[in-house]
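> have a look; sequence and predicted model below, questions after that.
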Amino acid sequence: MKIFTCKDRLEDIMTCIYDAWSEALLIGHDQIQLKKEPVFQQTIFDEYIHVDQDLSKAEKVIRSIRRDISDEAYLNIYLVTLSVEEDALQAIYNFLRVGFKIGESVLQQYANPRVMRTLELRRKVSNESHHFREFARFERLNSSNVYVSHLEPKSDVIMLVGRHFADRMPSEQWMIIDDNRKTACVHPKDSENYLRYLTDEEFQTLRKTEEYEDEYTDLWKTFFHAIAIDERKNYVCQRNLFPLWKRKHAVEFKK
């Protein structure tokens with residue numbers, strides 16, 4: 001078995017699919033597996049092949065998906081590339097094996113487990129993105145008009161979350177930071193979002209932003225507790241709707 005591995009970035013993933021598919025034409029698809037890095041435990045009898053990104057190869061894969069299957073299929077695949085699940089890359093590859101055979105109708109093949117696994121992963125990513133749009137809390141940096149939000153999502157959804165806020169706050173300067181991946185979705189005033197990979201020094205500096213408080217922070221905390229009705233408190237329901245692992249950066253739950 002040949003196992004192709006790559007970094008968890010779109011261009012690397014698409015390049016990995018290209019190289020794996022090329023090899024599969026020689027030895028068969030069933031002799032190929034794909035995994036995101038890091039791979040924590042390698043098997044003894046398999047050959048591991050690291051793939052670096054190649055923009056030309058990545059563009060060819062994306063173009064083929066959109067042309068031979070559909071734009072909707074590519075959107076589904078893009079969302080799955082953001083998934084934290086260990087089998088996400090293999091699921092994309094399996095989906096493409098079906099998609100390139102039957103074309104656009106692949107998205108209606110609900111009885112096919114390869115298709116359904118991809119749709120399931122896409123749904124999980126979309127749901128997590130939706131949740132963090134609701135849970136994101138922005139805090140203003142001292143003496144500036146820059147707003148910062150810290151999130152720790154399982155999947156890589158900050159650009160999806162950022163797209164939502166770009167529509168709501170187009171004339172503000174803000175950034176959404178993924179503390180797990182040390183990346184930031186940056187939105188300059190009246191401009192497009194872009195992704196920034198943070199250095200350790202930048203990340204440590206930006207982590208301190210949560211220590212800042214102003215009158216609006218206090219007002220929000222006061223409002224949150226003032227509207228609560230003691231007789232109707234239901235902590236089990238609250239944890240279901242707002243899980244503990246998502247509250248770490250929510251202002252209203254900080255003491």
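In hand now; what should we look at?
> switch to C-alpha atoms for all contacts and neighbour counts from now on
Noted.
> check the contact between Pro188 and Trp174; I expect there is one.
Yes - shown here, Pro188 and Trp174 form a contact pair, counting by C-alpha atoms under 8 Å, at 6.8 Å.
> quick check: phi and psi on Gln33?
phi -130, psi 160 (degrees, to the nearest 10).
> for Phe242, grab phi and psi.
The phi/psi pair for Phe242 (degrees, to the nearest 10) is phi -140, psi 80.
> OK, contacts around it?
For Phe242, the contact set (C-alpha atoms under 8 Å, 6 or more residues apart in numbering) is empty.
> Thr222 too?
Per C-alpha under 8 Å, 6+ apart, neighbours of Thr222: none.
> which of the helices or strands spans Arg66?
Assigned by DSSP states H and E, Arg66 belongs to helix 55-68.
> ok so, going back, Pro188 and Trp174: who's more crowded?
Trp174 (27 against 16; other C-alpha atoms under 10 Å).
> and the nearest residue to that one once chain neighbours are set aside, what are its phi and psi?
Ranked by C-alpha to C-alpha, 6 or more residues apart in numbering and with sequence neighbours excluded, the top spatial neighbour of Trp174 is Tyr147, at 4.4 Å. Main-chain dihedrals, Tyr147, degrees, to the nearest 10: phi -110, psi 140.
> and for the one 3 residues further on?
His150 has phi and psi values of phi -100, psi 130 when expressed as degrees, to the nearest 10.
> in contact with the closest residue in space to it that isn't next to it in sequence, which residues?
Once flanking residues are discounted, His150 sits nearest to Ile177: 4.9 Å by C-alpha to C-alpha, 6+ apart. With contact set as C-alpha under 8 Å, 6+ apart, Ile177 has these partners: 148-151, 158, 183-185.
> ok, Glu192 next?
So Glu192 contacts Ala166 (C-alpha under 8 Å, 6+ apart).
> tell me if I'm right that the residue nearest to Trp174 and Phe165 touch.
No - applying C-alpha under 8 Å as the test, Tyr147 and Phe165 come out as separate, 11.6 Å apart.
> the most centrally placed residue in the chain and Cys185: what is the separation?
For the chain, Asp156 is the residue whose C-alpha lies nearest the centre (C-alpha atoms, centre = their mean; 2.0 Å). As judged by C-alpha to C-alpha, to the nearest Å, Asp156 and Cys185 stand 11 Å apart.
> in its sheet, what does the one helix or strand the residue nearest to His150 maps to sit against?
Secondary structure from DSSP H and E places Ile177 in strand 173-178. Next to strand 173-178 in the sheet, as set by DSSP bridges, lie strand 146-151 (parallel), strand 183-187 (antiparallel).
> mind listing the helices for this protein?
10-27, 55-68, 71-81, 88-102, 113-135, 158-168, 200-207, 215-226, 235-241 (DSSP state H).
> OK, contacts around Pro153?
128, 132, 178, 180, 246.
> Phe253 reaches Arg247, doesn't it?
Yes - applying C-alpha under 8 Å as the test, Phe253 and Arg247 come out as touching, 6.9 Å apart.
> looking at those two, which is more packed in?
Neighbour count, other C-alpha under 10 Å: between Phe253 and Arg247, Arg247 has more, with 17 against 12.
> and the end-to-end length of stretch 178-193?
Using C-alpha to C-alpha, the end-to-end distance of stretch 178-193 comes to 15 Å.
> in it, which residues are buried?
178-179, 182-188, 193 (16 or more other C-alpha atoms under 10 Å).
> where does pLDDT dip in the stretch 1-150 of the chain?
The stretch 1-150 of the chain contains residues with pLDDT under 70 at 142-143.
> now with 80, please.
141-144 (pLDDT under 80).
> run a quick neighbour tally on Val135.
Not quite, residue 135 is Phe, not Val. Phe135: 17 neighbours (other C-alpha under 10 Å).
> from memory it sits against Ala250, does it?
Yes - Phe135 is within contact range of Ala250, at 7.0 Å (criterion: C-alpha under 8 Å).
> so what's Leu82 up against?
By C-alpha under 8 Å, 6+ apart, the contact list for Leu82 reads 125, 155-157.
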